[in-house]
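> What shape does this take:
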Amino acid sequence: MKRKRYEMEKKKTELQTAIEELSLLIITKPVDNTETTHIPLRPLLSFCNLIIQVLDKIGPTMAVLRQDIDQNIQRLEKVCETDPCVYSNLVEILKKERNEETYKKVASCSRALLWLTRTMDFTAGLLQLLSKEVSSKMEELVEECYLTTLKPHHGWIASAAFKVCLKLVPDNKTFMDAIGGRENSYDTLKEDIDTLSSLLTPILKEISIVLVMIAYIYVTIHNLNLISHFHSF
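Down below sits the predicted model:
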């Protein structure tokens, strides 16, 4: 029985496991009170770790990005470990930094969350493009998604490095096979992508609202623009 369960779990793709993690991420939001919103940290970080595995399939192009994701995850985990009961709620971490006036620091958790949010936006956008434009070149889709999600926030050095690494991305079919197309039909893979997007979009929206209202950070997520009237990063 245990072996059977193990084999079933082994067959799950990163996307399917990511969907399970997102399903556990239930945000509690009292009406008109952002301060008491509850965003569970652990499922979010587990999902971000799975995002790293998906980005790894793109190859060296994502090396710097995946390193940033890992550092940002560790930053949030470190604070959570200081008081798991309180800081298992992501909102409490942001409130702590706001009260201590440390949210604008380069190594703040507020910034870590901002960049994790941007990375999730990039990954979701890329998967959606791949699902809709199967015949397009992988290189073109990665660049298109990068231009709309990450490039506006990158300096010229990071942008130039990304441009060079674009030549190293796999072809469309190779990437799709790597994230589950070999074990499952492409129809199933597209369904997984659609499910992931439908779960992730409202989560990104709520996180963005919290970043603006509590950490005073300007946030741009795909077609969602939230502007803080205080400070911006």
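
> now the helices for this structure?
With DSSP state H, the ranges of helices along the chain come out as 2-10, 14-24, 41-56, 63-82, 84-87, 90-100, 109-132, 138-149, 156-165, 172-176, 186-215.

> Now do the buried residues in the fifth one.
By neighbour count on 16 or more other C-beta atoms under 10 Å, the buried set for helix 84-87 is residue 87. (Glycine included, C-beta is placed from N, CA and C.)

> Looking at it now, give me its mean pLDDT.
For helix 84-87, the mean per-residue pLDDT is 94.

> Just the residues contacting it, thanks.
Helix 84-87 is contacted from outside by 41, 79, 80, 92, 93, 96, using C-beta atoms under 8 Å, 6 or more residues apart in numbering.

> ok, of these, which one's closest to residue 174?
Taking C-beta to C-beta as the measure, residue 174 sits nearest to residue 41 out of the contacts of helix 84-87, at 34.2 Å.

> Residue ranges in the protein under the pLDDT threshold?
Residue ranges of the chain with pLDDT under 70: 1-10, 181-184, 221-233.

> residues in contact with the residue positioned nearest the centre of the chain?
The structure's the chain has its C-alpha centroid closest to residue 120; by C-alpha atoms, centre = their mean the separation is 2.1 Å. Applying C-beta under 8 Å, 6+ apart to residue 120 gives the contacts 47, 48, 51, 200, 204.

> Buried subset of these, written for ChimeraX?
To isolate the buried members of those in ChimeraX, using 16+ other C-beta under 10 Å:
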select :47,48,51,200,204
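
> Closest one of the contacts of residue 120 to residue 15?
Out of the contacts of residue 120, the member with the shortest distance to residue 15 (by C-beta to C-beta) is residue 51, at 10.2 Å.

> about what we covered before: turn the helices of the chain into a markdown table, including distance to residue 33.
Shown next, in a markdown table, are the helices of the chain (distance: least, C-beta to C-beta, whole Å):
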| stretch | distance to residue 33 |
| --- | --- |
| helix 2-10 | 39 |
| helix 14-24 | 23 |
| helix 41-56 | 19 |
| helix 63-82 | 23 |
| helix 84-87 | 18 |
| helix 90-100 | 11 |
| helix 109-132 | 20 |
| helix 138-149 | 30 |
| helix 156-165 | 37 |
| helix 172-176 | 42 |
| helix 186-215 | 10 |
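
> Please work out which of the ones you listed is packed deepest.
Mean neighbours per residue, mean count of other C-beta atoms under 10 Å, is largest over those for helix 109-132, with a mean of 21.

> Need the CA coordinates for that one. PDB is fine.
What follows is helix 109-132 as a C-alpha-only set of coordinates in PDB (Å, rounded to 0.1, in the frame of the first residue of the first chain):
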ATOM      1  CA  CYS A 109      11.300  40.700   4.200                       C
ATOM      2  CA  SER A 110       9.000  43.300   2.600                       C
ATOM      3  CA  ARG A 111      11.400  43.500  -0.300                       C
ATOM      4  CA  ALA A 112      11.900  39.700  -0.300                       C
ATOM      5  CA  LEU A 113       8.100  39.300  -0.700                       C
ATOM      6  CA  LEU A 114       7.900  41.900  -3.400                       C
ATOM      7  CA  TRP A 115      10.500  40.000  -5.500                       C
ATOM      8  CA  LEU A 116       8.900  36.700  -4.800                       C
ATOM      9  CA  THR A 117       5.600  38.100  -6.000                       C
ATOM     10  CA  ARG A 118       7.300  39.400  -9.200                       C
ATOM     11  CA  THR A 119       8.800  36.000  -9.800                       C
ATOM     12  CA  MET A 120       5.500  34.200  -9.400                       C
ATOM     13  CA  ASP A 121       4.000  36.700 -11.800                       C
ATOM     14  CA  PHE A 122       6.800  36.000 -14.400                       C
ATOM     15  CA  THR A 123       6.400  32.200 -14.000                       C
ATOM     16  CA  ALA A 124       2.600  32.200 -14.300                       C
ATOM     17  CA  GLY A 125       2.800  34.500 -17.300                       C
ATOM     18  CA  LEU A 126       5.300  32.300 -19.000                       C
ATOM     19  CA  LEU A 127       3.300  29.200 -18.500                       C
ATOM     20  CA  GLN A 128       0.200  30.900 -19.800                       C
ATOM     21  CA  LEU A 129       2.100  32.000 -23.000                       C
ATOM     22  CA  LEU A 130       3.400  28.500 -23.500                       C
ATOM     23  CA  SER A 131      -0.100  27.000 -23.100                       C
ATOM     24  CA  LYS A 132      -1.600  29.400 -25.700                       C
END
